[in-house]
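Enquirer: return a 3D structure for these sequence lines:
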Amino acid sequence: MPGPYTRTNPFPAKLAVNRSLCGGGSEKDTRHFELDLTSWGLNYDVGDSMTVWPTNDPQLGDEIMGLIRAKGDEPVKGPSGDTTLRQALLRDCRITQTTPKFLKTIAERAVNGAPLLSELLKPERKQDLDAYLWGMEVVDFLIEHPSIKWTPQELIDTLAKLMPRLYSISSSLKAHPNRVHFTIDIVHYESRGRKRNGVCSTFLAERADSAPIPVFPNTSKFRLPTESNTPIIMIGPGTGVAPFRAFLQERKAIGAKGKNWLFFGSQHEHCNYFYREEFEEMKRDGFLTQLDCAWSRDQAGKSYVQHKMLENGAELWKWLEGEGAHFYVCGDARRMAKDVDAALREIVQKQGGKTEQQTNEHLEKLKADKRYMRDVY
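Expert: Numbers count the residues shown, from 1 in each chain. This next block holds a predicted model:
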């Protein structure tokens, strides 16, 4: 639909670039995407994210239809209203992850029963159920229980709505007008003898060449300092580097004089050094004041970004305390962000000569002053 574009009427972007950021021997498939936003009339700031509405893998949808002996043109009422079964499975419903309603239906209607599933559905077994369900999808249960007869509407009623995905923006409009860049790990793995695919990452990587990509920006509080002379320290391993690439592009475009320090980490230098040429050129030019990289699997002992922080503790404390630097973290919330926070506390305590209580208060003050910001997921 034409504009004005909103969250309910997202802009139909076109895929302009889809290239690998990895070299030979990489265990990961990380890609750089560029979407063409010509004529959209919207705006975004560095630090923002972009909502992307994917469609499901049509082959998986076809397999599900075959398992319930449906043709696909049957009318159903889906999460977005009246449609056909095929369109509901393609655009409206989450067809990978199961729902409690779907699992209860399996347990209740399995001809020979599903005693293990019935047991695991008890509230006190939630943790065991989560472990059991890892790597299992809707299709696995349909294959395991062919005796259950589903009408198209019955199946659709047990599925959740297909939700959009949010990706950090890895570009600045000042550097790349009418474009938005993403840095995304493509999700592929195997479980129970089947290949599994991430919904949105494989949509962009494998199915978006000739299809519109509905997008709409999300405003963030993850922002550059208002004063362009303020130094910034950026901790962005893996795809967490995305907003910092955007920060650097923005600061370069506006001629910011503040110092820039990037910590980047990944598995191997030879095949997982994303945007190597860009960052090293910025370093040579003196625009990127300091660049520290950690390669976790290039030596016997693991090396991560928090280790590089500790190695540079005195200088990092000088930037923070003596020069008023802002400190940013982006990436994995479960481990990396916690480890980085612990390293920062160690630096503040050691270099600043503070007690644990004083360190906690110092970090809370940094957060309150918006000098310690995190974009973690």
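
Enquirer: so where is the stretch 1-150 of the chain shaky, pLDDT-wise?
Expert: Within the stretch 1-150 of the chain, the segments meeting pLDDT under 70 span 1.

Enquirer: residue ranges for the helices of it, please.
Expert: 58-67, 85-87, 100-109, 115-120, 126-133, 138-144 (DSSP state H, counting those that start in this stretch).

Enquirer: can you map out the strands along the stretch 101-250 of the chain?
Expert: 165-168, 179-185, 188-191, 194-197, 213-218, 232-235 (DSSP state E, counting those that start in this stretch).

Enquirer: among these, which is nearest Asn18?
Expert: In terms of C-beta to C-beta, the element of the strands of the stretch 101-250 of the chain nearest to Asn18 is strand 179-185, at 10.0 Å. In short, each C-beta sits where N, CA and C put it, glycine included.

Enquirer: ok so, going back, out of the strands of the stretch 101-250 of the chain, which is the most enclosed?
Expert: strand 232-235 (a mean of 25; mean count of other C-beta atoms under 10 Å).

Enquirer: report the strands that pair with it, each with its relative direction.
Expert: Using DSSP bridges, strand 232-235 pairs in its sheet with strand 260-266 (parallel), strand 326-331 (parallel).

Enquirer: between these, which one is nearest to Thr219?
Expert: Thr219 lies closest to strand 326-331 among these, at 16.4 Å (C-beta to C-beta).

Enquirer: which residues touch the closest one?
Expert: 168, 222, 224-225, 230-244, 247, 320, 336-337, 340-341, 344, 366, 370-377 (C-beta atoms under 8 Å, 6 or more residues apart in numbering).

Enquirer: next one: stretch 26-38
Expert: By C-beta under 8 Å, 6+ apart, stretch 26-38 touches 11, 13-22, 170-171, 176, 178-186, 188, 204-205, 213, 215, 238-239, 267-268, 271-272, 274-275.

Enquirer: start and end of it, how far apart?
Expert: 34 Å (C-alpha to C-alpha, to the nearest Å).

Enquirer: same check on stretch 297-311?
Expert: End-to-end span of stretch 297-311 (C-alpha to C-alpha): 18 Å.

Enquirer: packing partners of the longest strand seen in the chain?
Expert: The residue-count maximum for a strand in the chain (DSSP state E) belongs to strand 11-20. Packing partners of strand 11-20 (3 or more C-beta pairs under 8 Å, 6 or more residues apart in numbering; DSSP states H and E): strand 30-36, strand 213-218.

Enquirer: show me what the helix or strand that Glu364 is a member of is packed up against.
Expert: Taking DSSP states H and E as the criterion, the element that holds Glu364 is helix 356-368. Other elements packing on helix 356-368 under the criterion 3+ C-beta pairs under 8 Å, 6+ apart are helix 336-352, strand 372-376.

Enquirer: how far out from the middle of the chain is it?
Expert: 29 Å (C-alpha atoms, centre = their mean, to the nearest Å).
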